[in-house]
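>>> Let me see the structure of the following:
(one chain, ligands or ions: 1)
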Amino acid sequence: MPDTAPTLLWFRRDLRLDDNPALAAAVERGAPVIPLFILDDADAGDWAPGGASRWWLHKSLAALDKSLSKAGSKLVLRRGKAAEVIDAVVEETGATAVYWNRRYEPWATDRDGGIKKALKQRDIDVQSFNGSLLYEPWEVTTKQDTPFKVFSPFWREVQSKGDPAEPLAAPKKLAAPAKNLKSDDLDDWDLLPTKPDWAGGLRETWTPGEAGAAERLEWFLDEAVPDYKTKRNIPGSAATSALSPHLHFGEVSPRRIWHAARLASEARSNEPMDRGTASFLSEICWREFSYNLLFHNPDLPEVSLKREFEDFPWRDDPDGLKAWQRGQTGYPIVDAGMRELWHTGWMHNRVRMIAASFLIKDLLIHWREGEAWFWDTLVDADLANNSASWQWVAGCGADAAPYFRIFNPVLQGEKFDGDAAYVRRWVPELAKLPDAVIHKPWEAKPMELSEAGVTLGKTYPKPIVDHAAARKRALAALETIKKE
Ligand code: FAD
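Numbers count the residues shown, from 1 in each chain. Take a look at the predicted model:
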């Protein structure tokens, strides 16, 4: 006799119906499926989603519920410790199976292991799947079966595996649970900001949810990927996919992206991986690399991978930190980035590197302060990518830029924002300055400043540090840990 008792499908960072292996397996099982989402802040501790992520989560859950309704089902919302909520729902529904797609944050892997064990002891069919990565962190290893610490060989190894498995189609119809289950009201979770409502820029910029992700991917593959390699470092051009929040919340799978990108490349150039596609897919694999690092180094969000950096003489500088957070450092490219972040919940990758470098090296403020600010303000805040990237910029991570390579924010601005389109957009008070001085307004002639309506120290700050002096200070600080 087939088991007709329901399957509990625990949605987590896989908020989609397309290419969702746990959902496909639940449907395959034949019994009614109970789609459940648990607001598990209690389990995540310090790494519960920040403000911008909570806004996204609300919108994404609303979108998922809509998709489920179209398929004849409904999302059940509960809040609390996941183990307790799952127990309660299993009890209420008589579910005999619990399926989910895996997460890789250390707090989640510990917790999920415990839940799995407890459910197995009760003879529940409990299964987890890979719904977030091309390959599991234990599937891409060196010849010695150890984790990669350098990206290039990691990327070569991924390519040598050929294409990942084909994505799975979304189910058209879902057998809904027989009785109506109690569910929280999404609005009661207070995920959206109210007083004040700072989310206007987020609303203008994003369409969270699976449909928004599919649209973004289609646009990118139609319009932008051919020039991705040459333009991906230019923050003033819309040359990257902006898929990061969609990927973080699992509204699109990396397998779907991989196969769609390969097909688009073939249709365009008769090559399965033209230059733009290869470059884009290698970035998708930086994400995989970060997940690998986090999985094998669970303290990555808190502790420098290169342990000597734990003794680095970081400065305590609340004023500097505040100026950085508010985009008031006096360095236009840094300020543009920090203001883009505040307004949209996202920042261009090149500018993330410049802004992070400025905090860590020009201000000598601990990378963890920057990591925490990004955690709260990014819509794509992701424990693996955020911690790995901050450590990368700080020079204490895997395959990191050496600490002594210190970005000059003026030269970076001039090189990657030569026409100053980006700075003019995000630092409008400088918009009328000529290109030649807009990245270093303190070098503008008095006439240029007055014609542009700029009064340094009044309408726009003077630089909070002198870069040349700050660079020397940073290198001297590095010497102290070298000696130790
Ligand atoms: P695209 O260029 O279109 O790339 C496609 C996808 O590949 C991205 O969506 C992302 O998932 C992945 N990717 C691209 N670059 C990287 C990278 N360097 N490392 C890891 N994955 C990458 N990314 C996050 O998703 N979440 C974070 O919290 C995050 N924090 C960062 C903090 C710092 C200090 C820095 C320097 C980078 C950070 N990144 C983070 C990486 C990167 O900046 C973003 O993934 C990228 O800017 C997202 O834009 P996109 O989707 O247009 O990227």
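
>>> Residue 210: neighbour count?
Neighbour count of residue 210, defined by other Cβ atoms under 10 Å: 23. No exception for glycine: its C-beta is placed from N, CA and C like everyone else's.

>>> Distance of it relative to residue 32?
22 Å (Cβ to Cβ, to the nearest Å).

>>> Tell me the confidence at residue 3?
What the model reports for residue 3 is a pLDDT of 76.

>>> That one looks like it's in a helix, true?
No. Residue 3: not assigned to a helix; according to DSSP: H, G, I helix; E, B strand; the rest coil it is coil.

>>> mind listing what it touches?
29, 31, 96-97 (Cβ atoms under 8 Å, 6 or more residues apart in numbering).

>>> Likewise for residue 168?
Taking Cβ under 8 Å, 6+ apart as the contact definition, residue 168 lies against 18-21, 24.

>>> coming back round to it: the contacts of residue 3: which two are farthest apart?
Largest separation among the contacts of residue 3 by Cβ to Cβ: 29 and 96, giving 9.5 Å.

>>> buried stuff in stretch 222-241?
Residues 224-226, 228-229, 232-237, 239-241 are the ones in stretch 222-241 that count as buried (16 or more other Cβ atoms under 10 Å).

>>> So which elements touch the longest strand seen in the chain?
Scanning the chain for the strand with the most residues, using DSSP state E, yields strand 33-39. Packing partners of strand 33-39 (3 or more Cβ pairs under 8 Å, 6 or more residues apart in numbering; DSSP states H and E): strand 7-11, helix 21-29, helix 51-70, strand 76-79, helix 82-93.

>>> so which of the ones you listed gets nearest residue 315?
Of all those, it is helix 51-70 that lies closest to residue 315, at 26.3 Å by Cβ to Cβ.

>>> where's residue 272 relative to residue 263, distance?
Using Cβ to Cβ, we find residue 272 at a distance of 9 Å from residue 263.

>>> can you narrow the buried residues of stretch 222-241 to ones near the ligand?
232, 240-241 (Cβ under 6 Å from any ligand atom).

>>> Distance to residue 132 added to these, as JSON lines?
Conversion of those to JSON lines gives the following (distance: Cβ to Cβ, whole Å):
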{"residue": "232", "distance to residue 132": "23"}
{"residue": "240", "distance to residue 132": "20"}
{"residue": "241", "distance to residue 132": "17"}
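
>>> which one of those is nearest residue 322?
residue 240 (29.0 Å).

>>> From residue 225, how far off is the closest one?
Residue 240 is 10 Å from residue 225, where distance means Cβ to Cβ.

>>> do residue 297 as well
For residue 297 relative to residue 225 (Cβ to Cβ), the value is 32 Å.

>>> Same check on residue 17?
Taken as Cβ to Cβ, the span from residue 17 to residue 225 is 25 Å.

>>> same question, residue 343
26 Å.

>>> what do you get for residue 383?
As for residue 383, its distance to residue 225 is 27 Å (criterion: Cβ to Cβ).

>>> Got the confidence number for the residue most central in space within the chain?
Residue closest to the average C-alpha location in the chain (Cα atoms, centre = their mean): residue 380, at 3.5 Å. Per-residue pLDDT puts residue 380 at 98.

>>> Pass me the low-pLDDT residue ranges in the chain, would you?
Residues of the chain that meet the criterion pLDDT under 70 lie in 1-2, 178-179, 483-484.
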